[in-house]
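[1] no sequence for this one, just the structure:
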């Protein structure tokens, strides 16, 4: 049970960090979600939006963050 509690705390801290990061990026008017490579198709009957580039960028940042946290926990 101790390991599960530790894991939940780590995920919570990571989620808070990502939330603060996204909030901060919004304050600086960075085009997160409107980057080149994000797919947006708008028609008369509806629209489709898939943030490909934003997803890749967020994935890289989360991988880096979780890798750093994992290294600190192994010591």
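    Now that the structure is in, tell me what you want to look at. For clarity, every value in this text was computed on a predicted model and none was experimentally measured.

[2] okay, how far is it across stretch 32-50, tip to tip?
    12 Å (Cα to Cα, to the nearest Å).

[3] If we go by neighbour counts, what in that stretch is buried?
    Within stretch 32-50, the residues scored as buried using 16 or more other Cβ atoms under 10 Å are 32, 38. Placement of C-beta: from N, CA and C, glycine included.

[4] got a list of contacts for that stretch?
    Applying Cβ atoms under 8 Å, 6 or more residues apart in numbering, the contact partners of stretch 32-50 are 22, 25-26, 51-54, 57.

[5] Give me the buried subset of these.
    Of these, these count as buried by 16+ other Cβ under 10 Å: 51, 53-54.

[6] Quick one: distance of the helix or strand containing residue 58 to the chain centre.
    Using DSSP states H and E, residue 58 sits within helix 52-74. Helix 52-74 has its C-alpha centroid displaced from the chain centroid by 8 Å (Cα atoms, centre = their mean, to the nearest Å).
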